[in-house]
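Q: Got a sequence here, can you model it:
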Amino acid sequence: MRATAGSAAGTRERAADLVDDVVRRGREARDELARRGQEGGAELARRGHQATGAVGRRLEQLERRLAELESRLAESRAEVEAERPADSHSQVEDQESEDSG
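A: This next block holds a predicted model:
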């Protein structure tokens with residue numbers, strides 16, 4: 001019995017060491033995942049801010065371009081109106097009224 005008791009104690013000690021190792025590795029893995037999660041979240045936030053800035057800049061460009069096109073259209077319409085004979089203005093206005101109504 002004494003011979004097996006020593007062997008059993010050694011086995012219990014090795015099993016306890018293995019469990020301790022598993023627990024330690026589990027904690028390390030948990031800590032690593034938490035760290036990666038925080039880094040990933042920070043990276044997503046950074047990219048989101050960059051994308052928002054890029055979209056804002058693009059929107060400003062589009063707004064400027066739209067204003068430019070609207071201005072050109074207004075100038076073009078004014079030129080066309082200026083070139084028309086006086087009696088055709090009333091016909092065009094009548095047609096525009098019919099088109100919008």
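Q: For the helix or strand containing Gly48, what does the pLDDT average out to?
A: According to DSSP states H and E, Gly48 maps onto helix 2-83. Helix 2-83 carries an average pLDDT of 92.
Q: Figure out how far that helix is from the centre of its chain.
A: 10 Å (CA atoms, centre = their mean, to the nearest Å).
Q: Could you report the neighbour count for Ala51?
A: For Ala51, the count of nearby residues is 10 (other CB atoms under 10 Å). From N, CA and C alone the C-beta is placed, and that goes for glycine too.
Q: And it, how far from Arg58?
A: The spacing between Ala51 and Arg58, counted by CB to CB, to the nearest Å, is 10 Å.
Q: Over to Glu28?
A: With CB to CB as the criterion, Glu28 and Arg58 are 44 Å apart.
Q: ditto for Gly37
A: 31 Å.
Q: Kindly report the same for Asp20.
A: Distance from Asp20 to Arg58, by CB to CB: 56 Å.
Q: Centroid-nearest residue for the chain?
A: Residue closest to the average C-alpha location in the chain (CA atoms, centre = their mean): Gly48, at 4.5 Å.
Q: what sits against it?
A: By CB atoms under 8 Å, 6 or more residues apart in numbering, no residues touch Gly48.
Q: can you pull the buried residues of stretch 32-48?
A: By 16 or more other CB atoms under 10 Å, stretch 32-48 has no buried positions at all.
Q: As PDB, could you dump the C-alpha coordinates of that stretch?
A: The C-alpha trace of stretch 32-48 is given here as PDB (Å, rounded to 0.1, in the frame of the first residue of the first chain):
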ATOM      1  CA  GLU A  32      -5.100  38.300 -25.000                       C
ATOM      2  CA  LEU A  33      -8.600  38.200 -26.400                       C
ATOM      3  CA  ALA A  34      -9.600  41.200 -24.300                       C
ATOM      4  CA  ARG A  35      -6.500  43.200 -25.500                       C
ATOM      5  CA  ARG A  36      -7.200  42.300 -29.100                       C
ATOM      6  CA  GLY A  37     -10.800  43.300 -28.700                       C
ATOM      7  CA  GLN A  38      -9.900  46.700 -27.300                       C
ATOM      8  CA  GLU A  39      -7.300  47.200 -30.100                       C
ATOM      9  CA  GLY A  40      -9.900  46.100 -32.700                       C
ATOM     10  CA  GLY A  41     -12.500  48.500 -31.300                       C
ATOM     11  CA  ALA A  42     -10.000  51.400 -31.300                       C
ATOM     12  CA  GLU A  43      -9.100  50.600 -34.900                       C
ATOM     13  CA  LEU A  44     -12.700  50.400 -36.000                       C
ATOM     14  CA  ALA A  45     -13.300  53.800 -34.300                       C
ATOM     15  CA  ARG A  46     -10.300  55.300 -36.000                       C
ATOM     16  CA  ARG A  47     -11.400  54.000 -39.400                       C
ATOM     17  CA  GLY A  48     -14.900  55.200 -38.800                       C
END
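Q: Kind regards, and thank you for your time.
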